[in-house]
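Engineer: Provided below for reference: sequence and predicted model.
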Amino acid sequence: MPIQILSPQVANQIAAGEVVERPASAVKELIENSLDAGATDIRVEVRDGGRRLIRVQDNGSGIPTAEARLAFERHATSKIVSLDDLDRLTTLGFRGEALASIAAVAHVTLLTRAAGEEVGAFIRIHEGREVAREPRGTPTGTVVTVEHLFANLPARLKFLKQPTTEAGHIQHIVTRYALAFPERRFNLVNDGRLILQTSGSGKLYDVLVKVYGLDMARQMLPIEINEYPTGTRSANPRISESANPQSLIRVSGYAGTPALHRSNRSYITLFVNRRWFQDTTIAYSVIQAYHTFLPSGRYPVALIFIEIDPADVDVNVHPTKAEVRFQFDRAVFSAVQQAVRKTLVELAPVPQVEAPFSATTPPASGVQWSLGGIDGWASRRDALLGAGREHGDLTVGAQPISPQLPASGPQLPLLRVIGQLNASYVIAEGPDGMYLIDQHAAHERVLYEQMLAQHVEDRLPIQPLLEPLVLNLSPEQAAVVAEDLEILNNLGVAIEPFGGASYLVRSIPAVLRGDEPQSALTEIVDGLMQNSDTVASSREALLITEICKRAAIKAGHPLSNPEMQELVRRLETCRSPRTCPHGRPTMIYMSATELARQFGRT
């Protein structure tokens, strides 16, 4: 094909793909325009996850009639004039691409009136082409309606998730701006239902309660404004060298108590000059502040506001404006880490020690192993099983474990428990060497196969709750639960919508009955979020895996000798005893020959 210049329509649709990735992207751009226009009341309405309708209405300054059509031209903006303005941006938007990008892939209606004008302007754009324009009466402010998003781009449309998932992403965006601007009133209506409504009182804590719920907000510690000097310059050439080396970094916000933690870092929310952004390095500074305060593999909940001279931060990194570059990156990292750490040291309550894991002695088993004629091991097996006949079933975690024969014969030789290492690993002796068993991974495998078998046979034990539990979720969590509602109910989590992002839970799988239901279910939903792209046919197995991960005994948990014996015995009966359901090894093995070689005996 010869080299040619693309038509404006094709070029606009390609460019729109960078700015408008999904309905939530369009909502983000329109909210930023409303905030930049000085709006104090912003209403967002969506239908069908934003595919059929997105409407953002504000009481801001509005657009003058003479400039209304110009607003749809690419790179048309009132926020910057020259390249120097990029060095000190104080507005959320500045690229002049939002309306043009949205209008290129949807049907857009603009109704606006600027302060001081008697009549407003009405303009309708279909996929980049103007189809109607007329004067209309309307209050001061702007209403932008987006309909049939991506209708002209079937390839993009088919990659959108279910409406509940897309609505969750939209709620995520709206809540972030509600947190950044607590003095502005936000209303979010999804399919005719009011999902979020903030008061605009200017108190961040009020918005925290609306977004996270009262129980979670009560576990958030306020980070008072901390000021830190900037330090060594970054090597980023895009930030002006005229930045003031004596400028200050101010850090404030909220940090969760050490008892409030999650299984992933998505609950660390960052703002710079009230602009929401994503940065793994700054998020890590928050995690580092919790060093020794959280269990291994857990992440904090935090809301961090960074205020810095606009000349010291570059927000013109990507069209979505979700990434930034700091002139004094090391100083920002240090400032956030110190501010959070100081808050935790001064305000965090003393953590409560959980009740120790308890169990009885091993039960009578009756399970027969084929030992392949290895002398001496049959007598050890009989002694082990005979000792347990006096006592009854062992409880590992919260679930009584009854003996079950493996479906296809033993996968492991009989193991004799020697002891425990670092309260995390069971040391066992086999007929041909030493086995070091990860107690969490092993128990996870045992519970997984047990629960899977019970589910297939339709005899999964259920634990009804004495009182229904109200589960307050984040927008992303609520979207996952909405998609997997049927699967959750099939596996014993009797859960139903309770308005907004809240759900009512009436029962849980019995394997979780010794756990705190709210914390357990939140962690399980977080695990489902991390695997949101899993095909539907495997979602049931994934949910069972997440339930067993939560119910399994954890590393650092001391076990008695009978507990270790029972855990190893149950592992021996599993179909796939060598890995946990996530694929991690349950054990490592060293042969007697290798041990002798290491000690110089051979």
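Structural biologist: Done, it's in. Numbering: from 1, shown residues only.

Engineer: Now the terminal residues of stretch 566-583, how far apart.
Structural biologist: Stretch 566-583 has an end-to-end distance of 22 Å (C-alpha to C-alpha, to the nearest Å).

Engineer: Ok, stretch 122-131 next?
Structural biologist: In terms of C-alpha to C-alpha, the two terminal residues of stretch 122-131 are separated by 11 Å.

Engineer: What residues sit buried inside it?
Structural biologist: 122-128 (16 or more other C-beta atoms under 10 Å). Using the backbone N, CA and C atoms, a C-beta is placed for each residue, glycine as well.

Engineer: can you map out the strands along the stretch 301-450 of the chain?
Structural biologist: Ranges of strands within the stretch 301-450 of the chain are 302-307, 313-314, 325-326, 394-396, 399-401, 416-421, 425-430, 433-438, based on DSSP state E, counting those that start in this stretch.

Engineer: For the first one, output the C-alpha coordinates as PDB.
Structural biologist: This file holds the C-alpha atoms of strand 302-307, laid out as PDB (Å, rounded to 0.1, in the frame of the first residue of the first chain):
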ATOM      1  CA  ALA A 302      -4.100   3.700  53.000                       C
ATOM      2  CA  LEU A 303      -5.200   7.000  51.500                       C
ATOM      3  CA  ILE A 304      -2.300   9.300  50.800                       C
ATOM      4  CA  PHE A 305      -2.400  12.900  49.700                       C
ATOM      5  CA  ILE A 306       0.800  14.500  48.400                       C
ATOM      6  CA  GLU A 307       1.000  18.200  47.900                       C
END
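
Engineer: List the neighbouring strands of it plus their orientation.
Structural biologist: Partner strands for strand 302-307, per DSSP bridges, with pairing direction: strand 248-256 (antiparallel), strand 268-272 (parallel).

Engineer: Can you give the distance from the last one to the centre of its chain?
Structural biologist: This means strand 268-272. Taking C-alpha atoms, centre = their mean, to the nearest Å, one finds the center of strand 268-272 at 14 Å from the center of the full chain.

Engineer: Stretch 213-230 now?
Structural biologist: On the basis of C-alpha atoms, centre = their mean, stretch 213-230 sits 20 Å off its chain's mean C-alpha point.

Engineer: Next, the buried residues of it.
Structural biologist: 213, 216-217, 219-221, 223, 226, 228, 230.

Engineer: From the residues you listed, which shows the smallest pLDDT?
Structural biologist: Among these, T230 carries the weakest pLDDT, at 80.

Engineer: The buried residues of stretch 122-131 in strands, which ones?
Structural biologist: Secondary structure from DSSP state E places 122-126 of these in strands.

Engineer: Now flag whichever of the buried residues of stretch 122-131 is closest to P431.
Structural biologist: E127 (73.3 Å; C-beta to C-beta).

Engineer: So for the closest one, what pLDDT did the model give?
Structural biologist: What the model reports as pLDDT for E127 is 80.

Engineer: Now do A151: how many residues are near it, please.
Structural biologist: Residues within reach of A151, counting by other C-beta atoms under 10 Å, total 16.

Engineer: what's the answer for A339, then?
Structural biologist: 28.

Engineer: One more: the one 3 residues further on?
Structural biologist: K342 sits with 16 neighbouring residues when counted by other C-beta under 10 Å.

Engineer: That one reaches P222, doesn't it?
Structural biologist: No. With contact defined as C-beta atoms under 8 Å, K342 does not reach P222; the gap is 11.9 Å.
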